[in-house]
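*Asks:* Pasting the sequence and the predicted model now:
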Amino acid sequence: MESALHCCVVLTSTAEPVPATRLAELHGVSATYLAKQLQALSRADLVHSVQGKSGGYVLTRSPAKITVLDVVEAVDGSEPTYVCTEIRQRGPLAAPPEACTAPCAIARTMFAADRAWRAALAEVSIADLRRMVGDDYDMDVMSEVGKWLRS
């Protein structure tokens, strides 16, 4: 997910398609690994693959219209991060199924945390991340990234 988020931010720095190999080189990750991340983003219609000599990846829409949650769910799926297996119904002190009609305190807590996490990610766009990444540096790093990608 980290590489996918970085790629989406980087793709805001140029209007030209960026080859996966160039993105992998920029981030110091395996091109094979990154290709899987980009395929997941493509399946979710967050990036588009442009074929040909000048091919590569571009965002499919404005960075302001792509949320961090969109990227996370494209790569990791939309299933909750916590799965309750009703452990309280197992072992020597197992509760009977009829006593477990509602989620336990642990499940309620974890489900609430997952909802809060997803809500927070839905509030941040790729455009927001681009701005925040830029704020982390004393120079216009996104312009420098764009120049490097085009070189």
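*Replies:* Nice, thanks for sending it over.
*Asks:* Gln37 - that's part of a helix, no?
*Replies:* Yes: under DSSP: H, G, I helix; E, B strand; the rest coil, Gln37 sits within a helix.
*Asks:* pLDDT score assigned to it?
*Replies:* On the pLDDT scale, Gln37 is placed at 96.
*Asks:* And the closest residue to it other than its chain neighbours, how far from Ala20?
*Replies:* Spatial nearest neighbour of Gln37, chain neighbours left out: Ala4 (4.4 Å); criterion: CB to CB, 6 or more residues apart in numbering. (C-beta placed from N, C-alpha, C; glycine too.) Ala4 is 12 Å from Ala20, where distance means CB to CB, to the nearest Å.
*Asks:* where does this protein dip in pLDDT?
*Replies:* For the chain, applying pLDDT under 70 flags no range at all.
*Asks:* picking up where we left off before, more neighbours: which of Ala4 and Ala20?
*Replies:* Ala4 (22 against 19; other CB atoms under 10 Å).
*Asks:* Show me which helix runs longest in this structure.
*Replies:* helix 105-122 (DSSP state H).
*Asks:* what's that helix in contact with?
*Replies:* With CB atoms under 8 Å, 6 or more residues apart in numbering as the test, helix 105-122 has contacts from Thr67, Val68, Leu69, Val72, Pro80, Thr81, Tyr82, Cys84, Pro103.
*Asks:* Next: stretch 81-88.
*Replies:* In contact with stretch 81-88 (CB under 8 Å, 6+ apart) are residues Ala94, Ala95, Cys100, Pro103, Cys104, Ile106, Ala107, Met110, Phe111, Ala113, Asp114, Trp117.
*Asks:* Mind doing that once more with 10 Å?
*Replies:* Contact with stretch 81-88 is made by 72, 94-95, 97, 99-100, 103-104, 106-114, 117-118, as judged by CB atoms under 10 Å, 6 or more residues apart in numbering.
*Asks:* Between Ala4 and Ala20, which contacts overlap?
*Replies:* Counting by CB under 10 Å, 6+ apart, the shared contacts of Ala4 and Ala20 are Leu34, Gln37, Leu38.
*Asks:* got a markdown table for those residues, with distance to Thr60 and neighbour count too?
*Replies:* A markdown table is the format used below for those (distance: CB to CB, whole Å; neighbours: other CB atoms under 10 Å):
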| residue | distance to Thr60 | neighbour count |
| --- | --- | --- |
| Leu34 | 18 | 22 |
| Gln37 | 15 | 25 |
| Leu38 | 12 | 25 |
